[in-house]
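Undergrad: mind folding the following:
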Amino acid sequence: QVQLVESGGGLVQAGGSLRLSCAASGVTFSNYAMGWFRQAPGKEREFVAHINWKGGSTYYADSVKGRFTISRDNAKNTVYLQMNSLKPEDTAVYYCAARYHSGSTSGSTYAYWGQGTQVTVSS
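TA: As a prediction, this is how the structure comes out:
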C-alpha cells in the first residue's frame with residue numbers, strides 16, 4: 001500500500017520560513033517524480049513545484065520561484081519543500097504527490113497523494 005505522509009506545516013509570520021517533508025512508503029521511490037501542490041480555502045488546487053526521479057531537474061510555479069526549493073533524498077524516501085520569504089498568500093494546505101518517472105504541473109496525472117499539511121502565514 002502506497003503512503004505519502006506530509007509534515008512540517010504550521011503557523012509562521014510573513015517573511016519566515018518552513019520546511020515541509022513528505023515521506024513515501026510502499027513504492028519504489030526512486031522511480032517516481034514528486035510534486036508539491038497547494039489548495040487555499042475557496043480556491044482550486046494549484047501546482048507549486050516538481051522534481052524528477054533523480055533529483056536533477058526541478059520546476060516551479062512563477063508564484064514561488066526564487067523563494068521555494070524542492071529537493072529529495074532517495075535514500076530516505078523523502079521529498080522536501082523549503083519555503084522562504086513566506087507571504088500570506090502562501091497560506092494553503094500543501095500536498096505532495098507521486099508521478100511515475102517525470103514530473104508534471106497537472107495534478108490529475110499524479111498517481112498517489114498525501115493527506116496534506118496546513119501552512120498558515122500571518123501578516
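
Undergrad: measure the residue nearest in space to the middle of the chain to residue 8 for me?
TA: Nearest to the mean C-alpha position of the chain, by Cα atoms, centre = their mean, lies residue 36 at 2.5 Å. Separation of residue 36 from residue 8 (Cβ to Cβ, to the nearest Å) stands at 11 Å. C-beta here means a position set from N, CA and C on the backbone, and glycine is covered the same way.

Undergrad: between the two, which contacts overlap?
TA: With contacts taken as Cβ atoms under 8 Å, 6 or more residues apart in numbering, residue 36 and residue 8 have residue 20 as neighbours in common.

Undergrad: returning to that earlier point: could you say which helix or strand holds the residue nearest to the centre of the chain?
TA: Using DSSP states H and E, residue 36 falls within strand 32-39.

Undergrad: what's the burial count for residue 38?
TA: 23 (other Cβ atoms under 10 Å).

Undergrad: next up, the contacts around the residue nearest to it when sequence neighbours are not counted.
TA: Once flanking residues are discounted, residue 38 sits nearest to residue 92: 3.8 Å by Cβ to Cβ, 6 or more residues apart in numbering. Counting by Cβ under 8 Å, 6+ apart, residue 92 touches 38-40, 43, 118-119.

Undergrad: go again with 10 Å.
TA: 9, 37-41, 43, 45-46, 48, 116-121 (Cβ atoms under 10 Å, 6 or more residues apart in numbering).
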